[in-house]
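Enquirer: For reference, the sequence and a predicted model appear below.
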Amino acid sequence: MIRMFRVLLDAWKADRLARARSKSRKPAAPQKYTVVLVWGKKYAEYNNGTPEVHTVCADTPWAAIMRAQLKAAKENQERVPEFVAVDGPPLLAAAQQLLTHLVVFEGQCTRREPGNRF
């Protein structure tokens, strides 16, 4: 009985120590992600059928996808009728409806030639 209590107490102490260490560390800095967005036919004609490549800083790959989509939509807001006079979440929703494929890379990637894929 005492031995079981001792094991439980040691596990509790180790857990508390691990929590204290994790709280004392600084949060991780945002990483750079390269997001390649391939748009549907309706939107692709505005970009001559080429995918858009965006480098963004984010905490997670999901956040990088959202930032890249919003960035692309804001850059093309004047040319695409669905993006005119819309901002924030509705703009992001409109951009997501026109998206067909996407790829996320950690770090900053560049193309070797304009026609090549990664």
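Expert: Received, thanks. No experiment lies behind these values; they were computed from the predicted model shown. Residues are numbered from 1 along each chain as shown.

Enquirer: quick one: low-confidence parts of this protein?
Expert: Along the chain, the parts satisfying pLDDT under 70 run over 1-5, 8, 22-28, 84-86, 109-118.

Enquirer: neighbours around L91, how many?
Expert: Around L91 sit 19 other residues, with neighbours defined as other C-beta atoms under 10 Å. In this view, the C-beta of every residue, glycine as well, is placed from N, C-alpha and C.

Enquirer: mind checking how far it is from Q77?
Expert: 8 Å (C-beta to C-beta, to the nearest Å).

Enquirer: Quick check: neighbours shared by those two?
Expert: With contacts defined as C-beta atoms under 8 Å, 6 or more residues apart in numbering, the residues adjacent to both L91 and Q77 are F83.

Enquirer: Helices along the chain, start to end?
Expert: 2-24, 41-44, 61-75, 89-98 (DSSP state H).

Enquirer: Check those for me and report the most buried one.
Expert: Highest mean neighbour count of the helices of the chain: helix 61-75, a mean of 18 (counted as mean count of other C-beta atoms under 10 Å).
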